[in-house]
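*Asks:* Got a sequence here, can you model it:
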Amino acid sequence: MDPIQTDSPQTDSPQLGPLQTDSPQLDPLQQLLAERACERLILDFVRRLDLGEPGSVAGLFTEDGRWEWPAGERLIAGRAALRRYFGSRPADRLSRRVMTNVLVSVASAESATATSYFTTYRVDGWTGGIVPAAAPVQVGHYEDAFRRTNDGSWLLSRRVLHLPFGGPTPQAPGAPGTPGASGLSA
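*Replies:* Residues are numbered from 1 along each chain as shown. The predicted structure is shown next:
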């Protein structure tokens with residue numbers, strides 16, 4: 001038997017619910033465009049956190065959008081609350097997120113879901129230069145729901161964070177109150 005084939009039928013996942021198949025209501029081009037729009041939202045979210053204005057990620061959500069972290073008992077609902085939450089990120093935080101395994105399932109012309117994996121590298125107290133490489137502080141995945149708006153664009157309506165691996169954010173070498181070297185310079 002070919003190692004990538006299986007005799008077992010696909011079943012529902014207890015964590016994710018019923019397996020979703022691509023929508024028969026969309027032609028292939030519409031489906032690809034919807035998938036790509038949702039993928040771009042996933043990537044734009046982390047780009048804005050890492051390289052842009054963190055509070056601006058709120059603009060990627062619907063007005064009633066939600067960000068949830070069940071294990072951390074956090075629920076942020078509504079665009080204004082999301083802007084405050086993400087905008088409160090420390091100004092001296094340096095982070096880079098790696099997004100992988102992005103799988104978008106288009107349910108209809110108006111809704112889609114996705115699962116994507118992330119790895120976060122992060123330090124606080126960054127004052128510039130190169131930070132010595134270290135293990136990631138988070139590895140997890142997002143479960144997203146998307147909704148198409150009246151103007152035809154796609155937005156996040158819900159993002160749920162699942163964090164099986166995580167730890168505290170370390171201080172950058174040379175940050176005030178941190179013993180050790182001053183870090184590498186570029």
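
*Asks:* Please count neighbours and contacts with C-alpha atoms only from this point.
*Replies:* OK.

*Asks:* how long is stretch 148-160 end to end?
*Replies:* Chord length of stretch 148-160, first to last residue, is 19 Å (C-alpha to C-alpha, to the nearest Å).

*Asks:* For that stretch, buried residues please.
*Replies:* Under the neighbour-count criterion of 16 or more other C-alpha atoms under 10 Å, stretch 148-160 has Arg148, Trp154, Leu155, Leu156, Ser157, Arg158, Arg159, Val160 buried.

*Asks:* can you give me the mean pLDDT across the longest helix seen in the chain?
*Replies:* Secondary structure of the chain per DSSP state H: the longest helix is helix 28-51. What helix 28-51 shows for mean pLDDT is 97.

*Asks:* Show me which positions of the helix or strand following it end up buried.
*Replies:* Counting by DSSP states H and E, the next helix or strand C-terminal to helix 28-51 is strand 61-69. For strand 61-69, a neighbour-count test (16+ other C-alpha under 10 Å) marks Phe61, Thr62, Glu63, Gly65, Arg66, Trp67, Glu68 as buried.

*Asks:* With only the CA atoms kept, save the longest helix of the chain in PDB.
*Replies:* Listed next in PDB are the C-alpha coordinates belonging to helix 28-51 (Å, rounded to 0.1, in the frame of the first residue of the first chain):
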ATOM      1  CA  PRO A  28     -12.900  27.200  -8.800                       C
ATOM      2  CA  LEU A  29     -11.600  30.700  -9.400                       C
ATOM      3  CA  GLN A  30     -13.900  32.200  -6.800                       C
ATOM      4  CA  GLN A  31     -12.800  29.600  -4.300                       C
ATOM      5  CA  LEU A  32      -9.100  30.300  -5.000                       C
ATOM      6  CA  LEU A  33      -9.700  34.000  -4.600                       C
ATOM      7  CA  ALA A  34     -11.500  33.500  -1.300                       C
ATOM      8  CA  GLU A  35      -8.700  31.100   0.000                       C
ATOM      9  CA  ARG A  36      -6.000  33.600  -1.000                       C
ATOM     10  CA  ALA A  37      -7.800  36.500   0.600                       C
ATOM     11  CA  CYS A  38      -8.100  34.600   3.900                       C
ATOM     12  CA  GLU A  39      -4.500  33.500   3.700                       C
ATOM     13  CA  ARG A  40      -3.400  37.100   3.300                       C
ATOM     14  CA  LEU A  41      -5.300  38.100   6.400                       C
ATOM     15  CA  ILE A  42      -3.500  35.400   8.400                       C
ATOM     16  CA  LEU A  43      -0.100  36.700   7.200                       C
ATOM     17  CA  ASP A  44      -1.100  40.400   7.500                       C
ATOM     18  CA  PHE A  45      -2.100  39.800  11.100                       C
ATOM     19  CA  VAL A  46       1.400  38.700  12.100                       C
ATOM     20  CA  ARG A  47       3.200  41.200   9.900                       C
ATOM     21  CA  ARG A  48       1.300  44.000  11.600                       C
ATOM     22  CA  LEU A  49       2.200  42.700  15.000                       C
ATOM     23  CA  ASP A  50       5.800  42.200  14.200                       C
ATOM     24  CA  LEU A  51       6.600  45.100  11.800                       C
END
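
*Asks:* Fine by me, we can end here.
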